[in-house]
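Colleague: What would the 3D arrangement of this be:
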Amino acid sequence: MIGENKRISNFQAAVLMLHTIIGVGVLSLPGTLAERLGTSGWISLVITGVIVAIPVAMMTKLMIMYEGKNIMEISSLLIGKPLTYITLAIMVIHMVEQGSIVARIFGEVIKMFLLFSTPIEVIIVTVLLTAVYTVRSGVEAMGRFSVVVIPFIVVSLLVFSFVLIPDLDFSNLLPVFKTSPVEILKSIPFTFFSFGGMEFLLIYMHYSKNPKSAMKYNLGAIGVITVLYSLSFFLTLARFGEKGLEKQLWPLLSLTKAIQFPSAFIENIDGIVMAIWVIVAFTTLMSAIFSASILIGKMCKAEEYKYFALPLVPIIYFMSLVPRNVVLVYDYGQISTYIFATFASIIYPTLLFIIAVLKKKGEAKRNENTM
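Modeller: Residues are numbered from 1 along each chain as shown. Modelled structure (predicted):
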């Protein structure tokens, strides 16, 4: 049994998922969508948001059906222990790989915009050790941390969006339906993986105090993410235009340079926006290390997962430095995402959910026959 001091609310679990999904993908997503779909990128986001709700609902329902059991126990009941160890090993690889990508992009952005002379290796090691410290503080501390920063993020985004209005050209949003439906449908697999991180629900929901009411929170988080992604696309498109947006590697960070408060009320907007982004990216890295540690601990039958958090640091560190430049980071990330994230967020939870439903129906029929 999990002690009450190691429990989180459904809202905290949903917020942890929200932070994990947004991560660093939000930086490059508007530019990539503009390159693929032009002004119609928001349509792909909305459609994908609806599609993503399906696996999120399945994962939530699965954890509700087996309330009180962790993902290893559930998987062992449904597909057996040998297959469970294989699948969880793949999940660990996926989480470590995701952590390495986040750590590298985190280092690249901080070095480019803030710490120009600091070696990227120092930045990566520092954020990894900080993430491990937070992970070792427990899931409750992680949940509280994620909830506390939400108001700062939301208020800041609303204020910055309002201040940006005079510098936006909303004619850049036209034409609305520029791209053909076929091209939009082709873009959905790419956009789908911008929601990568929903699979962490399989970890976090085990610690939920009342998982039976988690569905509305989890689906609500997906709705919020869809709105945030769409807002970031509209703002950057209205500011830079389609052609200008295509050339931006991190358009949201470039957008901060256009923010000017009246009478120089705040001069260093870049620092504020970077601080907000650092928190979001840090939460993604924190979730990756925490979830990988949990799964390794379960597979090793250890009573405490914290022992496995620190040993992941050198692995993630060296993996993060493998790509020679940031372009290769995104290329490697896209390849690994299609391989591992497809399994972690679609194949594995869908398989477990289908087997669980069939098993429940079989048990119900047997009970009827014995009456």
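Colleague: Moving C-terminal from the one helix or strand residue 84 maps to, which element do we reach first?
Modeller: If you go by DSSP states H and E, residue 84 is part of helix 81-113. Next along the chain after helix 81-113, taking DSSP H and E as the criterion, comes helix 120-136.
Colleague: Can you list the buried residues in the helix holding residue 84?
Modeller: 84, 87-88, 90-111, 113 (16 or more other CB atoms under 10 Å). Yep, even glycine has a C-beta here, placed from its N, CA and C like the rest.
Colleague: Pull the contacting residues for residue 107.
Modeller: Listed by CB atoms under 8 Å, 6 or more residues apart in numbering, the contact set of residue 107 reads 120, 121, 123, 124, 127, 320.
Colleague: could you dump those to CSV with pLDDT?
Modeller: Below are the contacts of residue 107 laid out as CSV (pLDDT from 0 to 100):
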residue, pLDDT
120, 94
121, 95
123, 94
124, 95
127, 94
320, 94
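Colleague: Which one of these is nearest to residue 7?
Modeller: Using CB to CB, residue 127 is the member of the contacts of residue 107 that lies nearest residue 7, at 27.3 Å.
Colleague: That closest one touches residue 108, doesn't it?
Modeller: No - the criterion here is CB atoms under 8 Å, and residue 127 misses it with residue 108 at 11.9 Å.
Colleague: Can you tell me the element the residue lying closest to residue 134 once chain neighbours are set aside falls in?
Modeller: Among residues not flanking residue 134 along the chain, residue 286 sits closest, at 5.3 Å (CB to CB, 6 or more residues apart in numbering). Using DSSP H and E, the element containing residue 286 is helix 269-299.
Colleague: How many residues are close by residue 167?
Modeller: Residues within reach of residue 167, counting by other CB atoms under 10 Å, total 13.
Colleague: so it sits right up against residue 235, yeah?
Modeller: No - Residue 167 is beyond contact range of residue 235, at 9.9 Å (criterion: CB under 8 Å).
Colleague: So for residue 343, what's the nearest residue that isn't a sequence neighbour?
Modeller: In space, residue 343 is closest to residue 90, 5.9 Å off (CB to CB, 6+ apart).
Colleague: Quick one: residues contacting the one you found.
Modeller: Going by CB under 8 Å, 6+ apart, the list of residues near residue 90 reads 340, 343, 344, 348.
Colleague: So which of the residues you listed are in helices?
Modeller: The helices, defined by DSSP state H, take in residue 348 from the contacts of residue 90.
Colleague: on that earlier part again, look up how far residue 62 lies from the residue nearest to residue 343.
Modeller: Going from residue 90 to residue 62 by CB to CB, to the nearest Å gives 18 Å.
Colleague: circling back to that earlier point, quick check, nearest of the contacts of residue 107 to residue 189?
Modeller: residue 320 (25.3 Å).
Colleague: Dihedrals phi and psi, residue 208?
Modeller: Residue 208 adopts backbone torsions of phi -70, psi 140, taken as degrees, to the nearest 10.
Colleague: and stretch 25-36, which residues are buried?
Modeller: Those buried within stretch 25-36 under the rule 16+ other CB under 10 Å are 25, 26, 27, 28, 29, 30, 31, 32, 33, 34, 36.
Colleague: Verify the contact between the last one and residue 185 for me.
Modeller: It stands for residue 36. No - using CB under 8 Å, residue 36 is not in contact with residue 185; the gap is 11.9 Å.
Colleague: Measure how buried residue 117 is and give me the count.
Modeller: 5.
Colleague: what's the answer for residue 162, then?
Modeller: 9.
Colleague: show me what contacts it?
Modeller: No residues are in contact with residue 162 under the rule CB under 8 Å, 6+ apart.
Colleague: any idea how far it is from residue 363?
Modeller: On the measure of CB to CB, residue 162 and residue 363 end up 55 Å apart.
Colleague: try residue 279
Modeller: Counting by CB to CB - residue 279 and residue 363 are separated by 45 Å.
Colleague: for residue 152, same thing?
Modeller: Counting by CB to CB - residue 152 and residue 363 are separated by 48 Å.
Colleague: Mind checking which of the two has more residues around it?
Modeller: The neighbour comparison of residue 152 against residue 363 (other CB under 10 Å) goes to residue 152, with 13 against 10.
Colleague: correct me, but that one touches residue 273?
Modeller: No - between residue 152 and residue 273 there is no contact under CB under 8 Å: 11.6 Å.
Colleague: Grab the nearest non-local neighbour of residue 254.
Modeller: residue 248 (5.4 Å).
Colleague: Helices of the stretch 151-300 of the chain, residue ranges please.
Modeller: In the stretch 151-300 of the chain, the helices defined using DSSP state H, counting those that start in this stretch lie at 181-192, 201-204, 215-246, 251-255, 269-299.
Colleague: got these as JSON lines, with mean neighbour count columns?
Modeller: Shown next, in JSON lines, are these (neighbours: other CB atoms under 10 Å):
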{"stretch": "helix 181-192", "mean neighbour count": "16"}
{"stretch": "helix 201-204", "mean neighbour count": "26"}
{"stretch": "helix 215-246", "mean neighbour count": "19"}
{"stretch": "helix 251-255", "mean neighbour count": "21"}
{"stretch": "helix 269-299", "mean neighbour count": "22"}
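Colleague: who wins for proximity to residue 174 among these?
Modeller: helix 215-246 (10.0 Å).
Colleague: now the stretch 101-250 of the chain, which segments are flagged as low pLDDT?
Modeller: In the prediction, the stretch 101-250 of the chain carries no residues with pLDDT under 70.
Colleague: Run through the residues that contact residue 144.
Modeller: Applying CB under 8 Å, 6+ apart, the residues near residue 144 are residue 12.
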